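Asks: just the structure for this:
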Amino acid sequence: MNISIFSVTENGRQLSQRVAEMLRGEHFVSRYCFHKHTDDDSAVFWNMGSMVGRLFQRSDAFIFICACGIAVRAVAPYLGTKADDPAVIVMDDHGKFAIPVLSGHIGGANCLAEIIADFVGGTAVITTATDVGGKFSPDSFAVANDLIITDLKAAKEIAAAVIDDEKIGFSTEYPHSSLPDELTAFGICRTGIYVGNDMSAKPFDVTLRLLPRNIVLGIGCKKGTSEADIEKAVLETLERYRVDIRTISEIATIDIKKNEEGLCAFAEKYSLPLKTYTAEELMSVSGNFESSDFVLETTGADNVCERSAVLCSGGKLVIHKTSGDGVTVAAAEKAVYLDFERKIL
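Replies: Next up is the predicted model:
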């Protein structure tokens, strides 16, 4: 996570140092101190709201060591939707309390607050009903397992049903750990969760579809292919095979394409990591792949898109090689295991 820590007082500055040192083992942490109480490891601010505005889009979490009202006013102008807002945590400058104010489940604020409170010897003040009651949270389960929440209204209704002790159905073809008490894979339920890539699936009257982000795109292209042509080829292929682009986890290709401008621009546009492999690595992958003598002579591998997708995913092809306008596209599916005990952070 990219975490921004703000402090206002001298006690807050010292506490922000301790928290930052602890979190930096796993996260990228930046500190911002009010100009009267700063140090060499922090940036200085005079107006908290302005500084928060500059950082809002690139921060996954904000930790404010100040009064709750100050923090709320600082983030309020920039808030969007529950699915997109960063985690917001407020602490007093003595570290007695860590309060998740925003994005407790999806953004991981609840879990982060508990980690911080445990470290400084304080108390995490958790107010979300499912957590207070020790019940299953569909939001937390989705985020912890890298699943895409397709319907926030359904997620909210299921969370309410959990609180009301209504049994929640669960449907998936993926292997998983033991279901929590609130869920059942048997019987007829009014509400339920479906995990899978079938966007038409509706096994319950109120169905929360959770899409696994487990598809690897393998892409090959001619030198100089534009970003627009690559995007067009990818989107047309995904539409043809009814694959949601949100389920793409990364892009794979051959190493001679690692600096291909159009491909790099496409990956950056969709915030997808681009992984590359040598021709030898690609040719070492076992499987039934469409072979091209021309591609073999040009790159050293007889197939780039299929082989790279399978190598990167460690799984099986779900879209075989498709070609058009100098671009080849394939897709492979990574194995999914759903863990109901996994934590967000």
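Asks: wait, a strand at residue 36?
Replies: No. Residue 36: not assigned to a strand; according to DSSP: H, G, I helix; E, B strand; the rest coil it is coil.
Asks: so in the chain, which strand runs the longest?
Replies: strand 316-324 (DSSP state E).
Asks: can you give the distance of the following helix or strand past it from its chain's centre?
Replies: Later in the chain than strand 316-324, the nearest helix or strand by DSSP states H and E is strand 327-333. Taking C-alpha atoms, centre = their mean, to the nearest Å, the mean C-alpha location of strand 327-333 is offset from the chain mean by 22 Å.
Asks: got the residue ranges for the helices in the stretch 151-300 of the chain?
Replies: 152-163, 227-240, 261-269, 279-283, 293-299 (DSSP state H, counting those that start in this stretch).
Asks: contacts for the fourth one, please.
Replies: Spelled out, that is helix 279-283. With contacts defined as C-beta atoms under 8 Å, 6 or more residues apart in numbering, helix 279-283 is touched by 254-255, 299-304, 307-308, 311. (Glycine included, C-beta is placed from N, CA and C.)
Asks: ok, now with 6 Å
Replies: By C-beta atoms under 6 Å, 6 or more residues apart in numbering, the residues outside helix 279-283 that reach it are 299-301, 307.
Asks: hmm, who's touching the helix or strand where residue 143 lies?
Replies: Element membership of residue 143 [criterion: DSSP H and E] is helix 138-144. For helix 138-144, the surrounding residues in contact (C-beta under 6 Å, 6+ apart) are 105-106, 149, 155, 158-159, 208, 210, 342-344.
Asks: who does the helix or strand just after that helix touch, helix- and strand-wise?
Replies: Using DSSP H and E, the helix or strand that follows helix 138-144 towards the C-terminus is strand 147-149. If you count contacts as 3 or more C-beta pairs under 6 Å, 6 or more residues apart in numbering; DSSP states H and E, strand 147-149 packs onto strand 206-212.
Asks: give me that answer again for 8 Å
Replies: With contacts taken as 3 or more C-beta pairs under 8 Å, 6 or more residues apart in numbering; DSSP states H and E, strand 147-149 sits against helix 138-144, strand 206-212.
Asks: residue 300 and residue 317, how far apart?
Replies: For residue 300, the distance to residue 317 equals 21 Å [C-beta to C-beta, to the nearest Å].
Asks: go on, residue 306?
Replies: Where residue 317 is concerned, residue 306 sits at a distance of 6 Å (C-beta to C-beta).
Asks: common neighbours of the two, please.
Replies: Common neighbours of residue 306 and residue 317 (C-beta under 8 Å, 6+ apart) are 287, 330, 332.
Asks: tell me which of the residues you listed is nearest to residue 194?
Replies: residue 332 (22.4 Å; C-beta to C-beta).
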